[in-house]
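S.K.: Below is the sequence, then the predicted model.
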Amino acid sequence: MLEDHALNCEILVAGGGMAGCCCAIAAARLGASVVLCQDRSVLGGNASSEIRMHIVGANGTGVFDRGAEFETEAREGGIIEELRLENSVRNSQRSASMFDLILFEKCKAEPNLRLLLNTSVTAVTLNGDRIEQAIAERQSTEDRFTINAQIFIDCTGDGRLAAEAGALFMEGREGKQEFHESLAPETADNRRLGSTILMQARRHDRPMPFVAPEWARKFEQRDLKLRLYATPGEEQPTHEYGYWWAEWGGTLDTIKQNEEIRDELLAVVMGIWDHVKNGPPGTLDGADPFKAAHWALDWFGFLPGKRESRRFIGQHILTEQDLLMSRDFPDAIAFGGWSLDLHPPEGIDAPDLEPCTQHPVPALYNVPLSACVSKNRKNLMFAGRNISATHVAFSSTRVMATCAVIGQGVGTAAAFAVKQDLLPAELAENASVMSQVQQRLLRDDAFLVGIVNLDAQDFARSATITASSELADFAAMNVVSGQTRSVHGAAGAPEGRAIPGGHRWMSDPVDGLSAMLQLEWETPIEPCEIQLIFDTGLHRHLTLSQHDGYTSKMQWGQAQPETVCDYRVEVLDGELWIPLVEVMGNYQRRRVHAVDANSAVSVLRVVVTATNGVDQARICEVRVY
């Protein structure tokens with residue numbers, strides 16, 4: 001018998017994948033009271049230990065990469081960067097469960113966030129075109145929660161909360177003429193991207209036989225000619241981790257038939273491993289064509305990694321053209337850059353079709369808030385793979401790092417709506433509030449294409465800034481350039497919104513460390529907060545992966561070498577430098593320090609005494625409040 005409980009909050013976030021975690025953390029950090037419901041026992045969704053897909057985003061992987069130091073630094077910032085950096089330092093062993101723990105810790109650390117694991121939203125109560133409350137059930141403890149909130153945010157992927165609320169949604173593929181998309185099929189259908197069950201294997205010091213279950217599928221060489229037998233690349237061939245292309249279920253209902261999809265995917269995984277271990281049909285006894293004799297399965301999922309189901313209709317529907325043209329949205333809250341990555345719905349049952357066709361987008365693009373607010377439910381928002389987009393546009397926005405920054409953008413916007421007593425439906429058209437939301441996102445180390453720091457409360461913008469040394473194009477004044485990365489290079493921001501420049505101070509390595517950056521004001525100020533943004537190598541990949549080849553492209557298991565490690569912040573009192581902050585062992589990109597100078601100050605400096613690898617100090621931004 002379920003026991004009933006009433007909970008009150010300002011924002012309910014349903015779904016604890018990367019979008020939901022970043023959304024809930026962002027809103028809670030801005031002072032909103034948040035409840036986060038996750039229907040599984042761990043957070044992370046497709047990145048969790050239950051599925052183990054690595055988090056990819058705007059900097060790309062697969063058939064294209066977008067990244068060049070000081071030119072195209074496309075890796076996402078903000079909360080997802082904080083998580084990636086934490087994971088790299090604390091999880092050098094690349095444990096999927098350790099990432100579960102880091103996500104759990106980050107959510108539990110927020111005093112304004114209440115986390116409900118193993119808790120599913122099952123119903124809502126409506127009042128006209130608004131949601132009044134949601135019903136969530138936790139069967140493991142026989143509890144039912146009635147959650148009252150001002151704003152409801154669906155980050156569940158499948159869109160359970162929004163569907164219960166009667167929000168309009170789309171499924172399948174739109175026809176070419178509906179949105180004038182060149183990559184859409186000629187006629188609309190109800191097909192979608194399929195799902196995958198991933199696996200991991202481990203090499204042993206002796207032969208490890210494998211006997212496939214009777215129900216495992218049988219694969220011949222021709223069945224895998226464009227997959228396992230494809231030209232070796234980042235994802236193949238490999239035994240330790242795979243296989244994203246073992247995709248199935250796109251011709252079915254990926255919600256209602258998910259159990260059937262799981263069963264068939266298990267048969268697919270067992271069949272592929274049988275093919276790898278024991279050779280294609282007709283292989284001579286004792287032959288080892290894939291050199292897999294010493295390898296054995298270590299883990300495989302029982303939860304399909306789902307790519308696509310419902311997509312909700314918002315105030316704006318993102319299209320192929322929006323992404324390819326990098327449309328300039330006035331209500332931008334996040335950015336993306338993954339390719340238009342279309343898969344055959346038949347998946348592995350389409351051996352003559354490439355497992356994916358990636359159409360790189362020419363430049364980084366912004367995602368608007370209006371694609372994350374329901375068209376017909378005024379206090380309903382969404383973030384993640386269920387945002388308002390056509391099937392073609394969704395094929396880019398669906399990847400988890402993009403979902404994460406959308407989540408941070410939506411959570412930030414929701415917190416502003418609560419503070420200013422506005423409905424989400426009123427935000428996108430309110431230029432003043434949208435500017436505040438965007439400026440807050442920049443302050444929190446999010447990136448928005450073509451939008452720069454204009455925060456009038458930031459004292460650093462009015463300071464005279466000098467340094468003990470500096471390099472050409474990386475002058476001290478760059479720390480107030482308004483942008484914290486370079487995106488003017490190939491496949492970076494579009495022309496006209498790229499804002500060329502180094503966008504960081506770099507000391508001269510000839511002078512060694514320590515190095516000093518100094519801010520001086522004609523009129524003394526009373527600082528309460530110092531914020532620093534450090535270089536963390538945003539041109540490189542950095543994400544937890546079980547794939548050795550992909551991980552080899554990263555600086556994993558360590559702090560990023562560009563990042564300042566040891567530093568202090570001091571103010572000048574007469575002839576004495578008074579320390580306000582001293583940090584040892586930093587590895588994060590964004591550091592915020594509450595300070596008490598006791599009196600007004602005219603001169604402040606940051607002294608860098610060590611980095612995590614490079615022989616110079618690098619600071620992308622200084623803010624003073």
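M.R.: That came through fine.

S.K.: got the CA positions of stretch 259-266 in CSV?
M.R.: The C-alpha trace of stretch 259-266 is given here as CSV (Å, rounded to 0.1, in the frame of the first residue of the first chain):
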residue,chain,number,x,y,z
GLU,A,259,11.0,-4.7,-23.6
GLU,A,260,10.9,-6.4,-27.0
ILE,A,261,13.7,-4.2,-28.2
ARG,A,262,15.8,-5.1,-25.2
ASP,A,263,15.4,-8.8,-25.8
GLU,A,264,16.4,-8.5,-29.4
LEU,A,265,19.3,-6.3,-28.6
LEU,A,266,20.6,-8.9,-26.2
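
S.K.: So what touches it?
M.R.: Residues from elsewhere that reach stretch 259-266, judged by Cβ atoms under 8 Å, 6 or more residues apart in numbering: 194-197, 246, 248-249, 252, 254, 300, 302-304. Backbone N, C-alpha and C define where each C-beta goes, glycine included.

S.K.: give me every residue that touches the spatially closest residue to Gly20 that is not a sequence neighbour.
M.R.: Spatial nearest neighbour of Gly20, chain neighbours left out: Cys155 (3.4 Å); criterion: Cβ to Cβ, 6 or more residues apart in numbering. Contacts for Cys155 (Cβ under 8 Å, 6+ apart) come out as 13-17, 19-20, 23, 382-384, 386, 407.

S.K.: How far off centre is the helix or strand of the chain with the lowest mean pLDDT?
M.R.: Least confident helix or strand, the chain: helix 548-551 with a mean of 92, by mean pLDDT, DSSP states H and E. Relative to its chain's centre, helix 548-551 lies at 19 Å (Cα atoms, centre = their mean, to the nearest Å).

S.K.: Equivalent analysis for stretch 262-271, please.
M.R.: Worked out by Cα atoms, centre = their mean, stretch 262-271 lies 28 Å from the chain centre.

S.K.: Likewise for stretch 437-455?
M.R.: 17 Å.

S.K.: got the CA coordinates for it in CSV?
M.R.: Provided in CSV are the C-alpha atoms of stretch 437-455 (Å, rounded to 0.1, in the frame of the first residue of the first chain):
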residue,chain,number,x,y,z
VAL,A,437,19.3,34.9,-18.3
GLN,A,438,22.0,35.0,-20.9
GLN,A,439,24.3,37.2,-18.8
ARG,A,440,23.9,34.8,-15.9
LEU,A,441,24.7,31.8,-18.1
LEU,A,442,27.9,33.5,-19.3
ARG,A,443,28.8,34.3,-15.6
ASP,A,444,28.3,30.6,-14.9
ASP,A,445,30.8,29.7,-17.7
ALA,A,446,28.2,28.7,-20.3
PHE,A,447,29.0,29.7,-23.9
LEU,A,448,26.5,31.4,-26.3
VAL,A,449,27.5,32.1,-29.9
GLY,A,450,28.0,35.8,-30.4
ILE,A,451,27.0,36.9,-26.9
VAL,A,452,29.5,38.5,-24.6
ASN,A,453,29.8,39.7,-21.0
LEU,A,454,27.9,43.0,-20.6
ASP,A,455,27.4,42.7,-16.8
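
S.K.: buried ones in that stretch?
M.R.: Judged by neighbour count (16 or more other Cβ atoms under 10 Å), stretch 437-455 contains these buried residues: 437-451, 453, 455.

S.K.: what do you get for stretch 505-513?
M.R.: Within stretch 505-513, the residues scored as buried using 16+ other Cβ under 10 Å are Trp505, Met506, Ser507, Asp508, Leu513.

S.K.: One more: stretch 556-575?
M.R.: Buried-residue list, stretch 556-575, by 16+ other Cβ under 10 Å: 556, 559-560, 562-571.

S.K.: now those residues in a markdown table, with secondary structure?
M.R.: Output for the buried residues of stretch 556-575, formatted as a markdown table (DSSP: H, G, I helix; E, B strand; the rest coil):
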| residue | secondary structure |
| --- | --- |
| Trp556 | coil |
| Ala559 | coil |
| Gln560 | coil |
| Glu562 | coil |
| Thr563 | coil |
| Val564 | strand |
| Cys565 | strand |
| Asp566 | strand |
| Tyr567 | strand |
| Arg568 | strand |
| Val569 | strand |
| Glu570 | strand |
| Val571 | strand |
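
S.K.: Do me a favour and get the end-to-end distance for stretch 457-466?
M.R.: Length of stretch 457-466, first residue to last, Cα to Cα, to the nearest Å: 21 Å.

S.K.: ok, back up a step: now rank the contacts of stretch 259-266 by neighbours and give me the top one.
M.R.: Comparing these by number of neighbours (other Cβ atoms under 10 Å), Thr196 comes first, having 29 neighbours.

S.K.: From Asn258, how far out is that one?
M.R.: Noted for Thr196: a distance of 13 Å to Asn258, by Cβ to Cβ, to the nearest Å.

S.K.: what residues are shared contacts of those two?
M.R.: Jointly contacting Thr196 and Asn258 under the rule Cβ under 8 Å, 6+ apart are Pro304.
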